[in-house]
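1. Model the structure of this input:
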Amino acid sequence: MTAKAEGSAVRTIKGFGDRLSEVVAERGRLCVGIDPHPRLLDAWQLPRSAEGLERFATTCVEAFGDIVAVVKPQVAFFEAYGSKGFAVLERTLADLKDAGALSIADAKRGDIGSTMAAYAEAWLSDSSPLAADALTVSPYLGFGALDPAVSLALENGRGLFVLAATSNPEGASVQKALVSGETLAQTMVNQAAAINARQIDGGAKAGSIGVVVGATLDDAPVLSDLRGPILMPGVGAQGGTPADVDRLAGESKGLALPNISRAILSAGPDPAALRRVTIEAAAPFLSES
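-> This next block holds a predicted model:
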């Protein structure tokens, strides 16, 4: 190989969809949230401070970071403590990586142009201390506005979870609006599916662009053709069940990640109790292979 060829060699990076498939096969499909809500800090008898936040997050990683496939820190509860909170989040993301869990930064970023590119750099760039394995994003400035995040995620083997059909009542007025005979939520799923199809045509086993769909919905978008991950909040305290997850996901259920937060975190602050509840919650979502 010539020096020029050596210098232009392209690095091969496994996509997020394939990485997720591997860890799901080992640990099941459960995604547990790290949501240090002030009321939970109170319940755990922790101070509403960066110190309390760190103790909360560290306990969570200790309790379930080595047994679940995916952990989703809710960025807002870290951001509330300013730079100290972000420092805790940086350490938490690093600790999750060490524990073998994939991380989803639940930041719901969405903007246009250079601003979206800057958000992408913050959460998806290898050089950023905030880099997570995947990021939640909002497409409601237009799916195309997410292009900087899509490009960087695919380049770096990371993923996105695009808000499609959320379970909050306010979301329906936008997400169920019709565009050319389809709901806006369905068009978001379809555009994510198109990117995944190109990845799979290129040799990936699963796409890296996921969607967020509430597990409590009766009329969710059709997800069978997504061929990528689905983040499904609403299981547990909000009433969603394992049967709901599989029913809504259809043929894509293999990468449908039920997200459970309050129903698990309420067992804290004892790490052993948190671990026990996590194992029980994960049981319906273990690999069938």
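2. Just say helix, strand or coil for the residue most central in space within the chain.
-> Relative to the mean C-alpha position of the chain, the nearest C-alpha, by Cα atoms, centre = their mean, is the one of I104, at 3.7 Å. Three-state secondary structure (criterion: DSSP: H, G, I helix; E, B strand; the rest coil) places I104 in strand.
3. That one contacts L231, correct?
-> Yes. The pair I104 and L231 qualifies as a contact (Cβ atoms under 8 Å) at a distance of 6.9 Å. Every residue, glycine included, has its C-beta placed from N, CA and C.
4. quick one: common contacting residues for the two?
-> Taking Cβ atoms under 8 Å, 6 or more residues apart in numbering as the contact criterion, the residues that touch both I104 and L231 are 31, 72, 136, 161.
5. and of those, the nearest to L41?
-> Proximity to L41 was ranked across the shared contacts of I104 and L231 by Cβ to Cβ; first place goes to K72, at 18.0 Å.
6. Can you tell me the element the closest one falls in?
-> strand 70-73 (DSSP states H and E).
7. Neighbouring strands - and their directions - for that strand?
-> With DSSP bridges as the criterion, the sheet partners recorded for strand 70-73 are strand 31-34 (parallel), strand 102-109 (parallel).
8. what does the average pLDDT come to for the last one?
-> Yep, that's strand 102-109 we're talking about. Here strand 102-109 scores 98 as its mean pLDDT.
9. C-terminal to it, what's the next element?
-> helix 113-124.
10. Buried residues, that following helix. List them.
-> 116-117, 119-124 (16 or more other Cβ atoms under 10 Å).
11. pLDDT (mean, whole number) over the helix or strand following it?
-> Next helix or strand after helix 113-124 toward the C-terminus (DSSP H and E): strand 134-137. For strand 134-137, mean pLDDT rounds to 98.
12. now swap in stretch 161-176 and tell me
-> For stretch 161-176, the mean pLDDT works out to 93.
13. Span of it from start to end?
-> When the termini of stretch 161-176 are compared using Cα to Cα, to the nearest Å, they are 19 Å apart.
14. With stretch 154-168 instead?
-> Stretch 154-168 has an end-to-end distance of 29 Å (Cα to Cα).
15. And that stretch, how far out from the chain middle?
-> Counting by Cα atoms, centre = their mean, to the nearest Å, stretch 154-168 is centred 7 Å from the centre of its parent chain.
16. P169 is nearest to which of the strands paired with strand 70-73?
-> For P169, the closest of the strands paired with strand 70-73 is strand 102-109, at 17.3 Å, according to Cβ to Cβ.
17. how about the shared contacts of I104 and L231, which pair is most distant?
-> Distances among these were taken as Cβ to Cβ; the most separated pair is C31 and T136, at 11.5 Å.
18. any shared contact partners between these two?
-> Counting by Cβ under 8 Å, 6+ apart, the residues touching both C31 and T136 are 104, 231.
19. and stretch 209-220, which residues are buried?
-> The neighbour-count check on stretch 209-220 (16+ other Cβ under 10 Å) flags 209-217, 220 as buried.
20. Can you tell me what sits against that stretch?
-> Contacting residues not belonging to stretch 209-220 are listed as 134, 136, 150, 153, 159-168, 185, 188-189, 192, 195-196, 221, 223, 226, 228-235, 238-241, 244-245, 248, 255, 258 [Cβ under 8 Å, 6+ apart].
21. Go again with 6 Å.
-> Contact partners of stretch 209-220, identified using Cβ atoms under 6 Å, 6 or more residues apart in numbering, comprise 160-167, 189, 192, 195-196, 228-232, 234-235, 238-240, 244-245, 248.
22. Do me a favour and get the end-to-end distance for that stretch?
-> Here the two ends of stretch 209-220 are set 18 Å apart, with distance taken as Cα to Cα.
23. do the same with stretch 238-251
-> Distance across stretch 238-251, first residue to last, is 24 Å (Cα to Cα).
24. For it, which outside residues touch it?
-> In this structure, residues lying in contact with stretch 238-251 by Cβ under 6 Å, 6+ apart are 215-216, 220, 223-224, 230, 232, 234, 253, 256, 258, 284.
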